[in-house]
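*Asks:* Sequence and computational prediction follow.
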Amino acid sequence: MQVASLQQYQAQQAQIQALSAKLADLEWNGPQVLARTYHLGTVPTPGRGYDDRLTTRTGLGKTKLRELLDLGPIRGGLRRVRAGDKWLVTEAAVREFFGEPAPTN
């Protein structure tokens, strides 16, 4: 039975940490996450795998969110899309509005 040296163990541990960080980055900045959509409704959409209420994602109230949606991105509001009688906002638009860093993928 071969026993790994301390240097080998530390090198493997560093590789695992780097892979773990890369996986976490992919989970947070992956295309599936950035394409998530949020709405102003009071009930999450079943089967989404995440809470798709805009109030939950942003921490802002409905009144403030309506103001930001009415303003639009050119006047300092949220970038959004109108779908019938509903506003839809993507995860990428939420991050852009709050000044969160762009993904590094």
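*Replies:* Yes, it's here.

*Asks:* Would you map the helices across this protein?
*Replies:* Assigned by DSSP state H, the helices in the chain fall at 6-29, 31-34, 54-58, 62-71, 91-97.

*Asks:* Can you lay out the ones you listed as CSV showing mean neighbour count?
*Replies:* (Each C-beta comes from the backbone N, C-alpha and C, glycine too.) Formatted as CSV, these follow (neighbours: other C-beta atoms under 10 Å):
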stretch, mean neighbour count
helix 6-29, 11
helix 31-34, 14
helix 54-58, 17
helix 62-71, 15
helix 91-97, 17
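
*Asks:* need those helices in TSV with mean pLDDT, can you?
*Replies:* Shown next, in TSV, are these (pLDDT from 0 to 100):
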stretch	mean pLDDT
helix 6-29	77
helix 31-34	80
helix 54-58	95
helix 62-71	95
helix 91-97	92
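
*Asks:* any idea how far residue 54 is from the residue nearest the centre of the chain?
*Replies:* The residue lying closest to the centre of the chain (C-alpha atoms, centre = their mean) is residue 91, at 4.9 Å. To residue 54, residue 91 is 11 Å away according to C-beta to C-beta, to the nearest Å.
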